[in-house]
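Novice: sharing a sequence plus its predicted fold:
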Amino acid sequence: MVHSAPSERSGSGIVSVLAVAGIVGSLMQTLVVPLVGELPRLLDATAADTSWVITVTLLVGAVATPVVGKLGDLYGKRRMMLACSVPLILGSVVCALGGSLIPMIAGRGLQGLGVGMIPLGVSALRDLLPPQRVGPAIALMSSSMGIGGALGLPISAAVAEYADWRMLFWGAAGLSLVVAVLIWFLVPATPARAEGRLDVVGAIGLGAALVCLLLGVSKGADWGWGSGTTLGLLGAAVVVLVLWALWELRVRDPLVDLRVTVRPQVLFTNLASVLIGFAMYAQSLVVMQILQLPAATGYGLGQSMLAAGLWLAPSGLMMMAVSSLGARLSAARGPKTSLFLGGLIIALGYGAAFGLMGWTWGLMIASCVGNIGVGLAYGAMPALIMGAVPRTETASANSFNTLMRSIGTSVSAAVVGVVLAQMTVTMGGHPLPSEAGFRTVLLIGCGVALVAALVTLTIPRQQGDAEPAHHVPAEAARPAAPVSRAARIGHEELGPWEDAFRSYDGPGPVGAARSQAPTAPFLQQNESGRLSADERAELLWLRRETEDLRRANGDLRRQNGELRQELDLLLQGASAWIKNLTDR
């Protein structure tokens, strides 16, 4: 069945709705951060027990994301986004009504089930938008996740400081309900691309392995890295993952198609995603702590939680500002280039933080630079993944990539915690992370970002269509008309953007999708007077499409030139900044 692309206006509405869903989903992750210190008093529990309020969301989200992605491929992504909004709303209400530890943990676990909405939305863009709009839409939605995380912190801190803490969760329930209503009315149904059934055994196996891995990593500092519990969980994770992989290779309808996952483009993109997730989270952890440590330490900046969140809010907005630039760069040079440049800019942000950590404005600038790199990288990763997998596995592959990023952030939190716990100073009888500890973490993060950039260089160029031969429709198998030189300039590896430079495969007046190839036979028939009225109408439609493509190619050439000028200015500014910093 041919899926008709929405109109320009409806397409903009779809992107806006899914971007709002990304903001709300990422907002849930920072929702309780301002309450961490107050949770033991509010819930009448120990600090160790209340830490599960954050941990449970991480665990449930990690387990649910690949399962929800597979269900999206099987039953439709819009349907599963609506399904994910239900536990998001219920979890927020449970947390708002609960006044003890167990209801709070249960509610936060339900909120974790809603995390899968984000990769589902990114995958749905491939089904709902014309090819030339997929790239910019992916970049915008990926950046929206940074906006939610950056704005969520000061908003949550302000509500926690000046209002009842329960208002945080009532507000989250209201926002989640609004997102569900917008998806219901404005996002069209997406086709179920895959066939088969859910691999229940694979889902249980992957869930068990992830719980063991993430639980050991996130709680290792509390339990002791050499304790039997921590080592047992990490060892069990390895064993279960091996058994799970063997099962996935043998089952007919696997939860994760490992044969696709080990393709070089997918494998190295996922590896780079783990490293980018590590680098992104490590910087946010360090900068937030430096801003809030007492000024009496000599390196802390003495900011309140609210003030620290406001200082970091512009960095989230930078992700949105850079999204269009990232999409244009990916269209001109391929998403691999955007990912590589993103890793380098994140490393540059760490260098800025290392040199400017004594000033609040300096850390704000460093965070903005780092998040520019994160915005470029996060917009490129889904494009690389979707350019290498068949449409039947878009949602599950994107969800698995999101899981890789989550593993990177979890490992980052563990590594940062170990380094800062080992490198401390004593002040007022309490151990605090030392300046040397913070600088060590910054150097580690910079090194990881550079390694991510190097890993990106190993991602091969995409060769041909990602669809297997047996999935290619007969009409699509016809020889394509030659692509003009203007449509080939500098576009070696476009991933899902590659179709933006080919003839648009949308529906014609007679309701059937047409390629550019049949145009010549129609012209010959028209000259001999053997065309029907419908065929003449379709010929006129094809001519209009050709003119539109010519105009689009002209716009792309102009944008390519502008992009090169912008990149030259950016690199010149970065070189001058590095030279000034070195001279200083």
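Specialist: Structure received. Residues are numbered from 1 along each chain as shown.

Novice: output the below-cut-off pLDDT ranges for the stretch 351-500 of the chain.
Specialist: The model of the stretch 351-500 of the chain has pLDDT under 70 over residues 462-500.

Novice: ramachandran coordinates for His430?
Specialist: phi -120, psi 130 (degrees, to the nearest 10).

Novice: burial measure for it, as a count.
Specialist: For His430, the neighbour count with other Cβ atoms under 10 Å is 8. The way it works is simple: take the backbone N, C-alpha and C, and place the C-beta from them, glycine included.

Novice: now it, which residues is it bridged with?
Specialist: For His430, the beta-bridge partners are Met427 (DSSP bridges).

Novice: now it: how far from Gly37?
Specialist: Distance of His430 to Gly37, computed by Cβ to Cβ, to the nearest Å: 14 Å.

Novice: now swap in Met320 and tell me
Specialist: 30 Å.

Novice: so between the two, which is more surrounded?
Specialist: Met320 (20 against 12).

Novice: I'd guessed that one sits against Ser143; true?
Specialist: Yes - if you go by Cβ atoms under 8 Å, Met320 and Ser143 touch, sitting 4.7 Å apart.

Novice: name the residues contacting each of these two.
Specialist: Shared contacts of Met320 and Ser143, defined by Cβ atoms under 8 Å, 6 or more residues apart in numbering, are found at Gly375.

Novice: contact partners for Ala436?
Specialist: The neighbours of Ala436, taking Cβ under 8 Å, 6+ apart as the test, are Met423.

Novice: CA atoms of the strand or helix carrying it as CSV?
Specialist: Secondary structure from DSSP states H and E places Ala436 in helix 435-457. Written as CSV, here are the backbone C-alpha positions of helix 435-457 (Å, rounded to 0.1, in the frame of the first residue of the first chain):
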residue,chain,number,x,y,z
GLU,A,435,39.2,20.5,41.8
ALA,A,436,41.6,17.9,40.5
GLY,A,437,38.8,15.4,40.4
PHE,A,438,36.6,17.7,38.2
ARG,A,439,39.5,18.4,35.9
THR,A,440,40.2,14.7,35.6
VAL,A,441,36.6,14.0,34.6
LEU,A,442,36.8,16.8,32.0
LEU,A,443,39.9,15.2,30.5
ILE,A,444,38.2,11.8,30.4
GLY,A,445,35.1,13.3,28.8
CYS,A,446,37.2,15.1,26.2
GLY,A,447,39.1,11.9,25.4
VAL,A,448,35.8,9.9,25.0
ALA,A,449,34.4,12.5,22.7
LEU,A,450,37.5,12.3,20.5
VAL,A,451,37.3,8.5,20.5
ALA,A,452,33.6,8.9,19.4
ALA,A,453,34.8,11.1,16.5
LEU,A,454,37.4,8.5,15.5
VAL,A,455,34.9,5.7,15.7
THR,A,456,32.7,7.7,13.3
LEU,A,457,35.4,7.6,10.7
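
Novice: now the strands for the stretch 251-400 of the chain?
Specialist: Assigned by DSSP state E, counting those that start in this stretch, the stretch 251-400 of the chain shows no strands.

Novice: please enumerate the helices of it.
Specialist: Taking DSSP state H, counting those that start in this stretch to define them, one finds helices in the stretch 251-400 of the chain at 258-261, 264-292, 305-333, 335-356, 360-386, 394-422.

Novice: ok, which of these comes nearest Gly152?
Specialist: Closest to Gly152 of the helices of the stretch 251-400 of the chain is helix 305-333 (Cβ to Cβ; 8.5 Å).

Novice: and the closest one, what does it pack onto?
Specialist: Judged by 3 or more Cβ pairs under 8 Å, 6 or more residues apart in numbering; DSSP states H and E, helix 305-333 is in contact with helix 131-162, helix 264-292, helix 335-356, helix 360-386, helix 533-583.

Novice: what's the angle between the second one and helix 394-422?
Specialist: What it means is helix 264-292. Per axes from the mean of the first three to the mean of the last three Cα atoms, to 10 degrees, the angle that helix 264-292 makes with helix 394-422 is 40 degrees.

Novice: give the other helices and strands that helix 264-292 contacts.
Specialist: Partner elements for helix 264-292 (3+ Cβ pairs under 8 Å, 6+ apart): helix 258-261, helix 305-333, helix 335-356, helix 360-386, helix 394-422, helix 435-457.

Novice: from the chain's centroid, how far away is that helix?
Specialist: In terms of Cα atoms, centre = their mean, to the nearest Å, the centre of helix 264-292 is found 12 Å from the chain centre.

Novice: which parts of it are buried?
Specialist: Within helix 264-292, the residues scored as buried using 16 or more other Cβ atoms under 10 Å are 265-266, 268-292.

Novice: could you give the mean pLDDT of that helix?
Specialist: Mean pLDDT, helix 264-292: 90.

Novice: how much does it deviate in direction from helix 305-333?
Specialist: Put simply, helix 264-292 runs at 150 degrees to helix 305-333, going by the same axes, to 10 degrees.

Novice: for the shortest one, same thing?
Specialist: Angle between the axes of helix 335-356 and helix 305-333 is 150 degrees (criterion: the same axes, to 10 degrees).

Novice: check the fourth one too.
Specialist: Relative orientation of helix 360-386 versus helix 305-333 (the same axes, to 10 degrees): 40 degrees.

Novice: what's the angle from helix 360-386 to helix 435-457?
Specialist: Going by the same axes, to 10 degrees, helix 360-386 makes 30 degrees with helix 435-457.

Novice: report the distance from helix 360-386 to the chain centre.
Specialist: Helix 360-386 sits 11 Å away from the centroid of its parent chain (Cα atoms, centre = their mean).

Novice: which other helices and strands contact it?
Specialist: Here helix 360-386 touches helix 117-128, helix 131-162, helix 264-292, helix 305-333, helix 335-356, helix 394-422, going by 3+ Cβ pairs under 8 Å, 6+ apart.

Novice: flag every buried residue along that helix.
Specialist: 360, 363-386.

Novice: quick revisit: and the helices and strands packed on helix 305-333 as CSV, adding distance to Val200?
Specialist: Formatted as CSV, these follow (distance: least, Cβ to Cβ, whole Å):
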stretch, distance to Val200
helix 131-162, 29
helix 264-292, 24
helix 335-356, 34
helix 360-386, 25
helix 533-583, 46
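
Novice: out of the ones you listed, which gets nearest to Glu435?
Specialist: Of all the helices and strands packed on helix 305-333, helix 264-292 sits nearest to Glu435, with 8.8 Å by Cβ to Cβ.

Novice: what's the angle between that closest one and helix 131-162?
Specialist: Using the same axes, to 10 degrees: helix 264-292 against helix 131-162 is 30 degrees.

Novice: which among the helices of the stretch 251-400 of the chain is found nearest to Ala19?
Specialist: Closest to Ala19 of the helices of the stretch 251-400 of the chain is helix 305-333 (Cβ to Cβ; 8.9 Å).

Novice: and the closest one, what's buried?
Specialist: 305-313, 315-320, 322-323, 325-333.

Novice: also stretch 413-433?
Specialist: By neighbour count on 16+ other Cβ under 10 Å, the buried set for stretch 413-433 is Ala413, Ala414, Val415, Val416, Gly417, Val419, Leu420, Met423, Leu432, Pro433.

Novice: residue contacts, the third one?
Specialist: The neighbourhood of Val415, defined by Cβ under 8 Å, 6+ apart, consists of Phe278, Ala282, Val441, Ile444.

Novice: tell me the one among these nearest to Thr394.
Specialist: When the contacts of Val415 are compared for distance to Thr394 (Cβ to Cβ), Phe278 wins out at 25.4 Å.

Novice: any idea how far the closest one is from Thr190?
Specialist: Distance from Phe278 to Thr190, by Cβ to Cβ: 32 Å.

Novice: and if you look at Ser284?
Specialist: Taken as Cβ to Cβ, the span from Ser284 to Thr190 is 33 Å.

Novice: what about Phe169, neighbour count?
Specialist: By other Cβ under 10 Å, the residues close to Phe169 number 24.

Novice: the one 10 residues further on now?
Specialist: Val179 is flanked by 27 other residues according to other Cβ under 10 Å.

Novice: element containing it?
Specialist: Val179 belongs to helix 166-186 when assigned by DSSP H and E.

Novice: what is the mean pLDDT for that helix?
Specialist: The pLDDT scores in helix 166-186 average 92.
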